[in-house]
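S.K.: after the sequence you'll find the predicted model.
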Amino acid sequence: MRHGKKTNHLGRKTAHRKAMLANMACSLIEHKRINTTVAKAKALKVFVEPLVTKSKADTTHNRRIVFSKLRSKEAVSELFREVAPKVGDRPGGYTRVIKLGSRLGDAAEMALVELVDFNETYNVGGDKPKKKKSTRRAGKKKADETTAQPEATKTESKKEESKAEEPKTDTKEDKKEE
């Protein structure tokens with residue numbers, strides 16, 4: 001049973017696994033997308049997303065923490081300069097894993113890992129102008145125009161009826177006449 005075992009060891013010793021994930025993370029930050037196996041992609045997602053979260057606040061402490069994981073000055077500077085401003089308003093989910101199918105050589109399941117905000121194909125809020133939201137009221141205009149005249153006659157007739165039903169109050173002048 002695998003109770004409480006959260007990490008996939010990927011068939012490697014600890015030092016080899018950490019070095020491999022650091023190299024893959026540097027490549028992902030540099031190229032914005034990489035192809036790898038599904039298992040490595042899922043492990044990379046868990047490795048990279050906290051680093052991207054750290055890069056939102058550009059402090060010396062956060063840079064040192066990220067550098068201790070990535071071990072590449074170029075990747076750290078790229079992460080803090082280019083990636084962090086694009087993901088500043090996003091609360092999480094900085095990477096996307098897209099399954100590609102099987103590799104020909106060994107039939108391993110392959111996946112594409114990419115940074116979400118750097119893909120123009122899937123980027124919904126990019127250069128496209130926002131569509132004006134249609135309201136439901138617009139469809140009711142035709143119905144209002146056809147029934148507009150009968151409603152006006154109804155309100156006039158109601159006013160006449162209400163005048164007829166109003167009880168007359170005796171004023172001082174009326175009492176004097178009697």
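M.R.: Yep, it's here.

S.K.: quick one: low-confidence ranges for this protein?
M.R.: The chain contains residues with pLDDT under 70 at 123-178.

S.K.: all helices for it, in order.
M.R.: For the chain, the helices defined by DSSP state H cover 14-31, 38-55, 60-70, 73-78, 84-86, 141-165, 172-177.

S.K.: who are the packing partners of the third one?
M.R.: In this case it means helix 60-70. Helix 60-70 sits against helix 14-31, helix 38-55, helix 73-78, with contacts defined as 3 or more CB pairs under 8 Å, 6 or more residues apart in numbering; DSSP states H and E. For the C-beta atoms, the positions are set from N, CA and C on the backbone; glycine is no exception.

S.K.: and these: which comes nearest residue 108?
M.R.: Closest to residue 108 of the helices and strands packed on helix 60-70 is helix 38-55 (CB to CB; 8.0 Å).

S.K.: with adjacent residues omitted, what lies nearest to residue 75?
M.R.: In this structure, residue 75 finds its nearest non-sequential neighbour in residue 26, 4.1 Å apart by CB to CB, 6 or more residues apart in numbering.

S.K.: dump the residue contacts of that neighbour.
M.R.: Residues in contact with residue 26, defined by CB atoms under 8 Å, 6 or more residues apart in numbering, are 70, 71, 72, 74, 75.

S.K.: PyMOL command for the buried members of those residues?
M.R.: Those of the contacts of residue 26 that count as buried under 16 or more other CB atoms under 10 Å are selected in PyMOL with:
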select buried, resi 70+72+75
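
S.K.: check contacts around residue 22.
M.R.: Counting by CB under 8 Å, 6+ apart, residue 22 touches 47, 69, 70, 71, 72.

S.K.: about what we covered before: export the contacts of residue 26 to CSV and tack on distance to residue 10?
M.R.: Output for the contacts of residue 26, formatted as CSV (distance: CB to CB, whole Å):
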residue, distance to residue 10
70, 18
71, 18
72, 20
74, 25
75, 21
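
S.K.: pull the most distant pair out of the contacts of residue 26.
M.R.: Distances among the contacts of residue 26 were taken as CB to CB; the most separated pair is 71 and 74, at 10.7 Å.

S.K.: ok, residue 12 - how many residues close by?
M.R.: Using other CB atoms under 10 Å, residue 12 has 13 neighbouring residues.

S.K.: swap that for residue 110, please
M.R.: Count around residue 110 with other CB under 10 Å applied: 18.
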